[in-house]
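A.B. asks: need a 3D model of the sequence below.
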Amino acid sequence: MDETNINYNFKVRTAKEVGTNGGLSIQKENMPGHMTLVETISPENRYPPPLIIIGNIQQVPENITKIPGTEEVSFACSDSGFINNEIFRSWTRRFCQWKREQKRQGYFEANEKIILFLDGHQSRNDQTASQLLVEEGVTGLIFPGALTHLIQPLDSIVFRQFRQDYCRQLMRQRGKIIDEKKNKQKNDALNQQYKLNASEKRNICIKAALDAIQMASTISNRQSSFELTGIWPRNPIRATSRDDVVQDLSNPRYPLGRYSGPGHISSTDITAKKRKRVDCNDKFEKTKANSFIQESAGSKRRRTDDESSQQTLIEDNMNAAEVSAPNISKIQKKLDNQPKMRLNAHPCIRNTKEKRKSSINNDLANLNDELQEQGMYVRNNRGEGNCMFYAINDQLGGIYHDIHQLRTDIVQYLRLNAERYQQFFDEEESLEQYANRMSNDGEWGDGRLFGAITDFFECQIELHMPGEAIFTEGQICSRIIRLGYVGRSHYTIFQEGYILPILTDIHLHSSMSKKSSEFGKETDESIRFGETSRSIAANAEARAALEQQINRLRDENEALRREKKEIELKCREQMKIIESQLHDEKELHEESEEKVNKLEELLKKEKKEKMKIVDELQAEKDDKNKAILREKEINEKFIQKENEKRKAEQSLRYEIEDKNEAVEKVADSEKKKNTEIQKRKNLENEKDKILWENNQLKDENERIQQQYEIEMNKRREFEMKYLYEVEEKENIQKEANEKVENEKQRRKDAELMKMKEQEEKQIAIIRCQESDRTIVEQA
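C.D. replies: Predicted coordinates:
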């Protein structure tokens, strides 16, 4: 698993009127904020879906989730657009769910071991995420910061191709959106500007990223990534035998091992320096207008004059062709002590007015010249309102991966120690207002933060300005942060090292002219000496020797001139050869561009055909879903009719049972009446005495019968309700379960009441029988 950014990499161009110092420019477009793509790959067929982290928003918009191809993609939001502990924890949960799903499908075996390779980041230390991986049986391995470019499969091949494909897809998606706007507005004016808002740019970046990662993460690329890093199949020598790794097995720098420090420090110890772009011992670099310096092999390239970059590029290409090994002639090799000639003493000049140099560029050049004497030089940073924090982080060793976190820590320390730094603020802007303003990303830092910086990092700040002006802040410490301040608005980085100057074409011509003038001086001096000696001694032999010396010097001068002409002729021939080669390369480049354009057109056609197929499949899928919904509706109606039929049958059954019970009750009552008549006939003498008790018993019996009938009616109603609730139970399971439990409890209570009533009835019957017995006995 690894992350890469998917930012909107289009710069806003400005158009100014020629010959003016300033002019109107197009307003800067709204930027969508930083976004990160979290990708996980496997050398096999299946791998987890990607995660996209969106910055500057609190909630994922609905239009993003509706983008085609994002059904399985996960989205998350963070203030910075980078991954943090919470997002990594949620990603771990999704990864574990994906693993369980693959096990259910039979892709993974029950006890199969899985190793998850992670890049070095502070969010990987989350304890909850580690516990989730352990419970799921996944072993997580975190790479050090210096080794990710060597043994991380995603960095080796997949992300390299992803960057190329992403740029192409970004341009294609942007052009598509702009064309749609043109078609809607129906305005083809040349000066018409079609601006995109932040939401549209965000959608463009996500679409381009999904298309690019799909093209880059093919099965061949994924397998090649694991093979190149030596992770699978396991080959420990594969990664260490690469060209960009320092081979120090015979004489290791750290025989007993070493502690891996920050990434930018560790990588310099294990990574070899880049090879030179040209096959020569000298390299020409442009630093100021019309001047060149020489760098030793392996030194860092830099350019401080940004205003003549096109001219510098032309001259650098010419120099590389001139000083390459195949172009060095035998005559030039004889000139051991003389510098190599340059073909073009007067570089090409663009047919446009030169832009006026800003004060920042002038101060950079002046400050760089002053620092050369101290063994240092200036290295610029990207700025964007955070130049001071970038420079401080570089001097601290790059301990912060996020510059915004460095800004937050400094401002937080300033707030916590407000009493110490309150004296540097006034009523116009209080310390709290200043801290709130400095918390915003892109806000320019100033000297009021120096006190908090020196106390927080326990260091001393040296501020260098052009004119050899140096200002210090803080107490004397072993840790010193050196900053450059140019243009009264920009902070730069100091780098230790010397850059040695070389002789340019101007020095070359001056040295050759100087040598020819020395020859002339020697000739003049010899002539003067001959004249004085001839006038004094009048010796013919001396005159002959003098003439021989003059002739010898003339011959040597003529030989030097011939050699110079030969060198110039050969250089011209070489220049013609180089021009022809450049022309051929240009034709090849044009042919390759035509091929690329044709391939892009073919890809567009294939993509359109694929989109048509996808639309057709989607339409078929929609029709299938509609048919399934109709079938479900029919089944539901059929089930409802069956339920109604069952209800009717149950109601008929209950009515029949009620009728039978009523008939039985009538028969019982008739039998009781007959027995009473017989008893009355037999007990006519005792009728008056027992009549009152008998009437009471009758009343009680009737009351019990009424209660029994009432309870039976309640029971019937309860059974009807219970059956109705049972039918509803099929639709709503949870509610039905609760109602069934309640109804069961009521039913039990009713049965208990019924049993009690039956017992009371039996007791009453027993009493009646006992009373009858007593009457019979008395009779």
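
A.B. asks: per-residue pLDDT, the residue of the chain positioned farthest from its centre?
C.D. replies: Residue farthest from the centre of the chain, counting by CA atoms, centre = their mean, is N685 at 112.1 Å. At N685 the predicted local confidence, pLDDT, stands at 76.

A.B. asks: same question, G19
C.D. replies: 51.

A.B. asks: any idea how far T139 is from the closest residue to S123 other than its chain neighbours?
C.D. replies: The spatial neighbour of S123 that comes closest, neighbours along the chain excluded (CB to CB, 6 or more residues apart in numbering), is F88 at 4.2 Å. The C-beta positions use only the backbone N, C-alpha and C, and glycine is treated the same way. For F88, the distance to T139 under the criterion CB to CB, to the nearest Å works out to 17 Å.

A.B. asks: equivalent analysis for I677, please.
C.D. replies: Relative to T139, I677 is positioned 97 Å away (criterion: CB to CB).

A.B. asks: mind checking the longest helix of this protein?
C.D. replies: Ranked by residue count under DSSP state H, the longest helix found in the chain is helix 540-682.

A.B. asks: how close does V60 get to M35?
C.D. replies: In this structure, V60 and M35 are separated by 12 Å, where distance is defined by CB to CB.

A.B. asks: now do the shared contacts for these two.
C.D. replies: Applying CB atoms under 8 Å, 6 or more residues apart in numbering, one finds that V60 and M35 are jointly contacted by I54.

A.B. asks: quick check on the two: which one has the bigger neighbour count.
C.D. replies: With neighbours defined as other CB atoms under 10 Å, V60 and M35 compare such that M35 has more, 20 against 14.

A.B. asks: residue contacts, that one?
C.D. replies: N5, I6, N7, I52, I53, I54, G55, G81, R202, C205, I206, A209.

A.B. asks: related to what we said a few turns ago, from the contact counts, what lies against the longest helix of the chain?
C.D. replies: Counting by 3 or more CB pairs under 8 Å, 6 or more residues apart in numbering; DSSP states H and E, the packing neighbours recorded for helix 540-682 are helix 309-322, helix 330-334, helix 505-537, helix 687-729.

A.B. asks: okay, now W232: neighbour count?
C.D. replies: 15.

A.B. asks: could you verify that it is part of a strand?
C.D. replies: No: remark: W232 does not belong to a strand; assigned using DSSP: H, G, I helix; E, B strand; the rest coil, it is coil.

A.B. asks: any idea how far it lies from G484?
C.D. replies: To G484, W232 is 48 Å away according to CB to CB.

A.B. asks: residues contacting F494?
C.D. replies: In this structure, F494 makes contact with L371, M376, Y377, V378, R379, Q395, H464, R482, L483, G484, judged by CB under 8 Å, 6+ apart.

A.B. asks: again, but for Q778
C.D. replies: In this structure, Q778 makes contact with E686, judged by CB under 8 Å, 6+ apart.

A.B. asks: and it, what's its pLDDT?
C.D. replies: What the model reports as pLDDT for Q778 is 79.

A.B. asks: circling back: now, the contacts of F494 that are in strands?
C.D. replies: M376, Y377, V378, R379, H464, R482, L483, G484 (DSSP state E).

A.B. asks: pipe the residues you listed into a markdown table and attach distance to Q640 per row.
C.D. replies: Below are the ones in strands among the contacts of F494 laid out as a markdown table (distance: CB to CB, whole Å):
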| residue | distance to Q640 |
| --- | --- |
| M376 | 88 |
| Y377 | 86 |
| V378 | 84 |
| R379 | 79 |
| H464 | 87 |
| R482 | 84 |
| L483 | 81 |
| G484 | 83 |
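
A.B. asks: with respect to N45, which of these is nearest?
C.D. replies: The nearest member of these to N45, counting by CB to CB, is R379 at 46.7 Å.

A.B. asks: and the closest one, what are its bridge partners?
C.D. replies: Taking DSSP bridges, one finds I493 as the beta-bridge partners of R379.

A.B. asks: from L364, how far off is it?
C.D. replies: In this structure, R379 lies at 10 Å from L364, with CB to CB as the measure.

A.B. asks: repeat for L553
C.D. replies: Using CB to CB, L553 is found at 49 Å from L364.

A.B. asks: more neighbours: which of those two?
C.D. replies: Under the criterion of other CB under 10 Å, the comparison of L553 against L364 puts L364 first, with 23 against 15.

A.B. asks: buried set for the strand or helix carrying that one?
C.D. replies: Element membership of L364 [criterion: DSSP states H and E] is helix 359-372. When neighbours are counted by 16 or more other CB atoms under 10 Å, the buried residues of helix 359-372 are found to be I360, N361, D363, L364, A365, N366, L367, N368, E370, L371, Q372.

A.B. asks: where does this protein have low pLDDT?
C.D. replies: In the predicted model of the chain, residues 10-30, 185-194, 244, 254-359, 382, 496-540, 542, 779 satisfy pLDDT under 70.

A.B. asks: rewinding a little: secondary structure for the contacts of M35 - can I get that in TSV?
C.D. replies: Supplementary listing: these in TSV, determined by three-state DSSP:
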residue	secondary structure
N5	strand
I6	coil
N7	coil
I52	strand
I53	strand
I54	strand
G55	strand
G81	coil
R202	helix
C205	helix
I206	helix
A209	helix
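
A.B. asks: so can I have a markdown table of those showing neighbour count?
C.D. replies: As requested, the contacts of M35 are exported to a markdown table (neighbours: other CB atoms under 10 Å):
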| residue | neighbour count |
| --- | --- |
| N5 | 16 |
| I6 | 27 |
| N7 | 17 |
| I52 | 24 |
| I53 | 24 |
| I54 | 24 |
| G55 | 17 |
| G81 | 20 |
| R202 | 25 |
| C205 | 26 |
| I206 | 23 |
| A209 | 25 |
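
A.B. asks: relative to L116, which of the residues you listed is nearest.
C.D. replies: Looking at the contacts of M35 and their distance to L116, the nearest is I53, at 18.7 Å (CB to CB).

A.B. asks: and the gap between the closest one and A619?
C.D. replies: Separation of I53 from A619 (CB to CB): 34 Å.

A.B. asks: check contacts around Y8.
C.D. replies: M31, P32, L170, K201, I204, C205.

A.B. asks: just the buried residues of those residues.
C.D. replies: P32, L170, K201, I204, C205.

A.B. asks: and these, which two are furthest apart?
C.D. replies: Considering CB to CB, no two members of the buried ones among the contacts of Y8 lie farther apart than P32 and L170, which are separated by 11.8 Å.

A.B. asks: need the overlap of contacts for those two.
C.D. replies: Y8, C205.

A.B. asks: who does I470 bridge with?
C.D. replies: According to DSSP bridges, the partner residues bridging I470 are H464.

A.B. asks: between R379 and L364, which contacts overlap?
C.D. replies: By CB under 8 Å, 6+ apart, the residues touching both R379 and L364 are T492.

A.B. asks: got the domain ranges for the protein?
C.D. replies: Here the domain assignment for the chain is 2-14+27-240, 358-499, 539-672, 683-778, based on automatic domain parsing.
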